[in-house]
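Q: Below are the sequence and a predicted model for it; my questions follow.
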Number of protein chains: 2
Amino acid sequence: MTNTHSNESPARRATIDDVAAGAGVSVATVSRALRNLPNVAESTRQRVADVAASLAYQPDPAAARLAAGRTGTVTVAVPSLNGWYFSTVVAGAETVCADAGLEFQVIGIATPQQRDRLLDELQRIERRTDGLILIDITVTDEQAASLQRRRVSLATVGSRTIGHPSVAIDDTHVGRVAADHLVGLGHRRIAVIGGVADGPMSFDAPIARRRGFESAIHAHGITLAEGSFMNGQFNVAGGYAAMTALIDSAERPTAVFAMSDEMAFGAIMALNEHGLVPGDDVSLIGVDDHEFAQVVRLTTIRQPVADHGSAAARLLIETMTARDRSDAGVHRIDAEVASLQPEVHLVERSTTGPPPRT
Amino acid sequence: MTNTHSNESPARRATIDDVAAGAGVSVATVSRALRNLPNVAESTRQRVADVAASLAYQPDPAAARLAAGRTGTVTVAVPSLNGWYFSTVVAGAETVCADAGLEFQVIGIATPQQRDRLLDELQRIERRTDGLILIDITVTDEQAASLQRRRVSLATVGSRTIGHPSVAIDDTHVGRVAADHLVGLGHRRIAVIGGVADGPMSFDAPIARRRGFESAIHAHGITLAEGSFMNGQFNVAGGYAAMTALIDSAERPTAVFAMSDEMAFGAIMALNEHGLVPGDDVSLIGVDDHEFAQVVRLTTIRQPVADHGSAAARLLIETMTARDRSDAGVHRIDAEVASLQPEVHLVERSTTGPPPRT
DNA sequence: TCCCGATATGTAAGCGTTTACATTCCGGAC
DNA sequence: GTCCGGAATGTAAACGCTTACATATCGGGA
């Protein structure tokens, strides 16, 4: 019969010793039984489980960490939690980690200082987590190696690090698709709103997208005019500012490739304010297929963002368990790491169309 | 001179003993010195700090947790990381916690099962965190008391729990503002797209908003027609579906109050698809002032969402340190808990206007 | 019947801190 | 010159697990 007055006394929490005593076994056996390790008689396991349940026993994670040297935690480092892309990726990862019984920690790396701090503090992080997911953040091979040495697994989203699993689309291809679509529609005066790489830890998607874009329009015999690459900082405000500048420029482009939907939304704002209609006066294509792209009927290049996060988490967990197994004595097999490259698709809506007849 | 070959050997990490030996003091003194506790000579503190730095010593958080019983972690529980509102609040909280040197953990409570699990697992959480922020999740007083007993502080966003700090707007007032605006414009046939409360842990903002809205239109001598309250599930798809149903209904409303901007965006999609223009054929008002509200020129009721998160985190940290101080012997002062009620403001844009003349 | 290898279980040594309590040291009041 | 209180420091006992190693148990094969 269970205690019906369970919340009367301060009730010291049950420890593994209590369970051991209750089940008439040693703490070692309790530990093994509760973690489903081999070499425990089924009858014993059952008895231990029953006693543990009746005592509402919960192992103290701090003690387990100290003793085992594992934290049961995965950490995701992300430039910001604001922004649809990042929060969606993080959400995908969270779900997978929670299902795997892992604690989920996040650390935001907004400012360049924080970036540097992340590097400095990799040491700190190493003690606090078993696995690290980097979203649009790149580290040097040395840093990755250091992490590996400290037995923290690594997975990246949006970039690749050799020897570690990653999830990243083909950004060059993204640029090409955008270019082909716009050029195919008849546009010749095209601008792009993207982002710039700054510092050693920046991510390289914008660079690849630009490269792909430019090589594709070159292939069509077109070149990007001077001053037609704008930095939109990958947010709405940046997109708005960039498009405003473009509208006011001497050679107003007839089409714009925005490297993210959020920047495209800002661009739409700017167009609206000038009485210009997207897809009619100026064509606009984005990237992501943001939840709201449909609302504003934005032509875009869709990528499966939520999958990025969940896939990365799955790959990470895979590596983590593989590592733990190999630690346990099984001969180390350096399996080739899985790197996913999700497909992207052009989604035509109404912000793109043929250039206006002058 | 520091070791120039720092990454050659496996290099066992420095422990507190190493620092103690290096500084010629006991581990107790090192511990005190590094944590800036009183009763350490300044000269000693300095020497210890120097040695620690030269050894790149980092205290092991797991050991510290076990010994001190504190985790240095705050956890935020949130219905979902998807969605602008939640991710913005979480982002705000993350920044504050990071600045305070606290680890930041998040746990998503998407499904009703997970809600129940959260309750069941409060025990689990208790051992893993020093403070809990609940976003749009309510707990019973007993549950809150249990947390308190386990010495984990609590703060809530979007609802109130007696005896704990919280951040929540006046949702009744939000409803009133929406009603007054729409009625003031001349609308009489008004519908609302909101959400329903389900289960014991649902949040009550939608209920309060509806109450405020209805009481206000009643005050104007209007009543909500049968079937004009739609469940939009607080997301774009739900808003779209709700508005579609409204459009097709016998008595199409001339104005709609959507309880969140995201639902309003969905509603706009539906209107667009039917060739109806928001603010002209049908007026639409949202809540939040989402980053994109401006893009689609949505009239809305602004609330300072990022502040919700940062303010809640600050209040939480305040309680945490107060608790720790009172544990340390200072007489327990049950200070009244701070509950913030951020202001909301009507932001008029172009999705609302007078009803169309028939 | 005896011995052997699995399998099941127990013993106890960590893991790296924090902190209660004990000790030393010091200057000033008497 | 003693004595005393407080500041500085040290000693060692937790904290609650995991796990290497030792031991006990058991069923067969020889």
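A: Thanks, I have it. Not measured: the values here are computed from a predicted model.
Q: Number of residues surrounding residue A:142?
A: Other residues within reach of residue A:142, judged by other CB atoms under 10 Å in any protein chain shown, total 9. In this view, the C-beta of every residue, glycine as well, is placed from N, C-alpha and C.
Q: ok, now residue A:65?
A: There are 22 residues near residue A:65, going by other CB under 10 Å.
Q: next one: phi and psi at it?
A: Here the main-chain torsion angles of residue A:65 (degrees, to the nearest 10) amount to phi -60, psi -50.
Q: before we move on, what about residue A:286?
A: Residue A:286 adopts backbone torsions of phi -110, psi -170, taken as degrees, to the nearest 10.
Q: Make sure I have this right: residue A:269 is in a strand.
A: No. Using DSSP: H, G, I helix; E, B strand; the rest coil, the secondary structure at residue A:269 is helix, not a strand.
Q: Give me the distance between the one helix or strand residue A:240 maps to and the centre of its chain.
A: When elements are defined using DSSP states H and E, residue A:240 is found to belong to helix A:236-248. Between the centre of helix A:236-248 and the centre of its host chain there is 27 Å, according to CA atoms, centre = their mean, to the nearest Å.
Q: Can you pull out the residues in contact with it?
A: Counting contacts by CB atoms under 8 Å, 6 or more residues apart in numbering or on different chains, the residues outside helix A:236-248 that touch it are A:191, A:193, A:228, A:230-232, A:252-253, A:256, A:258, A:260, A:262-267, A:269-271, A:273-274, A:276, A:282, B:291-292, B:295.
Q: Now which of those would you call buried?
A: The neighbour count (16 or more other CB atoms under 10 Å in any protein chain shown) marks A:191, A:193, A:228, A:230, A:232, A:253, A:256, A:258, A:260, A:262-267, A:269-271, A:276, A:282, B:291-292, B:295 as buried among those.
Q: Tell me which of those fall in strands.
A: Helix and strand membership here follows DSSP state E; of the buried ones among the contacts of helix A:236-248, those in strands are A:191, A:193, A:230, A:256, A:258.
Q: tell me the contacts of residue A:297?
A: Contacts were defined as CB under 8 Å, 6+ apart; by that measure residue A:297 touches A:279, A:349-351, B:272.
Q: and residue A:147, how many neighbours?
A: Applying other CB under 10 Å, we find 22 residues neighbouring residue A:147.
Q: same check, this time on residue A:41
A: With other CB under 10 Å as criterion, residue A:41 counts 11.
Q: swap in residue A:28?
A: 11.
Q: part of a strand, is it?
A: No. Using three-state DSSP, the assignment for residue A:28 is helix, not a strand.
Q: so which of the buried ones among the contacts of helix A:236-248 also contact DNA strand C?
A: The subset of the buried ones among the contacts of helix A:236-248 within reach of DNA strand C, counting by CB under 7 Å from any atom of the strand, is empty.
Q: following the helix or strand bottoming out on mean pLDDT in chain A, which helix or strand shows up next?
A: Within chain A, no helix or strand scores below helix A:112-120, which has a mean of 71 by mean pLDDT, DSSP states H and E. Scanning forward in sequence from helix A:112-120 by DSSP H and E, the next helix or strand is helix A:122-128.
Q: Need the contact partners of that following helix.
A: Outside of helix A:122-128, the residues within contact range by CB under 8 Å, 6+ apart are A:71, A:73, A:75, A:105, A:107, A:118, A:132, A:139, A:143, A:146-147, A:150, A:152, B:56, B:58, B:60-62, B:103.
Q: name the helices or strands packed onto the helix or strand where residue A:43 lies?
A: Element membership for residue A:43, per DSSP H and E: helix A:42-54. In terms of contacts (3 or more CB pairs under 8 Å, 6 or more residues apart in numbering or on different chains; DSSP states H and E), helix A:42-54 is packed against helix A:16-23, helix A:27-34.
Q: Does that helix reach DNA strand D?
A: No. Under the criterion of CB under 7 Å from any atom of the strand, DNA strand D is not reached by helix A:42-54; the shortest gap measures 9.8 Å.
Q: ok but residue A:154 is inside a helix, no?
A: No. With three-state DSSP as the criterion, residue A:154 is strand rather than part of a helix.
Q: Mind listing the residues bridging to it?
A: With DSSP bridges applied, the residues forming beta bridges to residue A:154 are residue A:132.
Q: which residues sit in contact with it?
A: Residue A:154 makes contacts with A:131-134, A:139, A:144, A:147-148, A:161, A:164-165, A:316, A:319, as judged by CB under 8 Å, 6+ apart.
Q: how does it look with 7 Å?
A: Residues in contact with residue A:154 (CB atoms under 7 Å, 6 or more residues apart in numbering or on different chains) are A:132, A:144, A:147, A:161, A:164.
Q: so how far is residue A:106 from it?
A: When CB to CB, to the nearest Å is the yardstick, residue A:154 and residue A:106 sit 16 Å from each other.
Q: Name the residues of stretch A:129-147 that come out as buried.
A: A:129-139, A:143-144, A:146-147.
Q: should've said stretch A:71-86
A: A:71, A:73-86.
Q: Just the residues you listed: which are in strands?
A: Among those, the residues falling in strands (DSSP E) are A:73-78.
Q: thought residue A:220 was touching residue A:184?
A: No. The pair residue A:220 / residue A:184 is not scored as a contact, 8.8 Å apart, by CB atoms under 7 Å.
Q: who's more crowded, the two?
A: When residue A:220 and residue A:184 are compared for neighbours, residue A:220 comes out ahead with 14 against 11, by other CB under 10 Å.
Q: mind listing what the more buried one touches?
A: residue A:183.
Q: Just the pLDDT for it.
A: Among the per-residue scores, residue A:220 shows a pLDDT of 94.
Q: and it, what are its phi and psi?
A: Torsion angles at residue A:220 (phi, psi; degrees, to the nearest 10) stand at phi -90, psi 0.
Q: Tell me the spacing between it and chain B.
A: Spatial separation of residue A:220 from chain B under the definition CB to the nearest CB, to the nearest Å is 31 Å.
Q: can you check residue A:272 too?
A: Taking CB to the nearest CB as the criterion, residue A:272 is separated from chain B by 7 Å.
Q: how many neighbours does that residue have?
A: Based on other CB under 10 Å, the number of other residues close to residue A:272 is 17.
Q: show me what contacts it?
A: By CB under 7 Å, 6+ apart, residue A:272 has no neighbours at all.
Q: residues near residue A:87, how many?
A: Neighbour number of residue A:87 under other CB under 10 Å is 25.
Q: contacting residues around it?
A: A:81, B:81-82, B:87.
Q: Which pLDDT does the model give it?
A: Turning to residue A:87, the model gives it a pLDDT of 95.
Q: before we move on, what about residue A:11?
A: For residue A:11, the model assigns a pLDDT of 63.
Q: quick one on the thing from earlier: I'd like the helices and strands packed on helix A:42-54 laid out as JSON lines, including distance to DNA strand C and mean pLDDT.
A: Compiled in JSON lines, the helices and strands packed on helix A:42-54 are given as follows (distance: least, CB to the nearest atom of the strand, whole Å; pLDDT from 0 to 100):
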{"stretch": "helix A:16-23", "distance to DNA strand C": "7", "mean pLDDT": "96"}
{"stretch": "helix A:27-34", "distance to DNA strand C": "3", "mean pLDDT": "96"}
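Q: where does chain A have low pLDDT?
A: A:1-11, A:117, A:119, A:197-202, A:326-336 (pLDDT under 70).
Q: Those residues of it touching chain B, which are they?
A: On the criterion CB under 7 Å from any CB of the partner chain, chain B has as its neighbours in chain A the residues A:56, A:58, A:60-63, A:65-66, A:80-82, A:87-88, A:90-91, A:94-95, A:98, A:103-108, A:123-124, A:127-128, A:236, A:265, A:268-269, A:291-292, A:294-296.
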